[in-house]
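Undergrad: I'd like to go over a predicted model; first the sequence, then the structure.
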Amino acid sequence: MHNKERILHSASEIFVSDGFDALSVRNIAQKAGLSTIGIYSHFKGKQGIIDALFIDACEKLYQAIDAAQGNTSSDKVIDACERIVLFSKHHRAHYQLIFGSTEGHTTLSDEASLAFQKLENSLITLTAAIPKKTPSESKAYSLGSQIWALVHGFISLNSIQKLPDSARSDWPEKAAQAVRLHVYAIAATQ
């Protein structure tokens, strides 16, 4: 693994185990087995590392959504949502970085903000294709945001780990069922 990858991998591990507050150039360098100078030769400090992690996370989730398949627009949105759920399970740190609270911890760069917009627009664009009549831009955003909120809500409920085991065991299927109902409602009423 190259130094830049080791730095990002180490930062991701620190973020998962200890949160934003533990992300310091010194902690990351120590975990990666590098000097702090080694960090600065690849990134503009802690903020540069956070931006790189954030952009990487957005790109990975974007690729998962972009790979959605189906015979209809509804099927593609449902598949995209199932891919989001899988991503949240297999890439927990990435998902937390994108959708967790960064308030008070960091201000994303313009490049990171653009990566998030691209990600956000991917599901909005898919969802906008569901209605028979092309929706206005604001309506498309509203429909896409509803789907994002529904999926993210299920993921967030599961991540707090206060649900009984019986409710947690099949939460991805419950999330998929809720998405299907909402997507079919959009298709039927729009």
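TA: Okay, I see it.
Undergrad: So what's the gap between the helix or strand hosting Ile78 and the chain middle?
TA: With elements delineated by DSSP states H and E, Ile78 resides in helix 73-90, which encompasses its position. Per Cα atoms, centre = their mean, to the nearest Å, the displacement of helix 73-90 from the mean C-alpha position of its chain is 11 Å.
Undergrad: Tell me how confident the model is about the first helix or strand past it going along the chain, as a mean pLDDT.
TA: Along the chain past helix 73-90, the next helix or strand (assigned with DSSP H and E) turns out to be helix 92-99. For helix 92-99, the mean pLDDT works out to 85.
Undergrad: Which strands and helices lie in contact with helix 92-99?
TA: helix 3-18, helix 45-66, helix 73-90, helix 137-159 (3 or more Cβ pairs under 8 Å, 6 or more residues apart in numbering; DSSP states H and E). Any C-beta I mention is one placed from the backbone N, CA and C, and that applies to glycine too.
Undergrad: Next, the angle from that helix to helix 3-18.
TA: Here helix 92-99 runs at 80 degrees with respect to helix 3-18, directions being taken by axes from the mean of the first three to the mean of the last three Cα atoms, to 10 degrees.
Undergrad: Buried residues in the next helix-or-strand element following helix 92-99, which are they?
TA: Sequence order places helix 110-128 as the next helix or strand after helix 92-99, per DSSP H and E. Neighbour counts using 16 or more other Cβ atoms under 10 Å place 112, 115-116, 119-120, 122-124, 126-128 of helix 110-128 among the buried residues.
Undergrad: quick check, nearest of those residues to Phe15?
TA: Taking Cβ to Cβ as the measure, Ala112 is the one of the buried residues of helix 110-128 closest to Phe15, at 14.7 Å.
Undergrad: Now do Glu137: how many residues are near it, please.
TA: Burial of Glu137, expressed as a neighbour count using other Cβ atoms under 10 Å, amounts to 10.
Undergrad: Surely Ala115 is in contact with Leu53?
TA: No. Counting by Cβ atoms under 8 Å, Ala115 does not reach Leu53; the two are 10.9 Å apart.
Undergrad: how about the closest residue to Gly144 other than its chain neighbours, what does it touch?
TA: Taking Cβ to Cβ, 6 or more residues apart in numbering as the measure, Gly144 lies nearest to Ile124, with 3.0 Å between them; neighbours along the chain are not counted. The contact partners of Ile124, taken as Cβ atoms under 8 Å, 6 or more residues apart in numbering, are 140-141, 143-145, 148.
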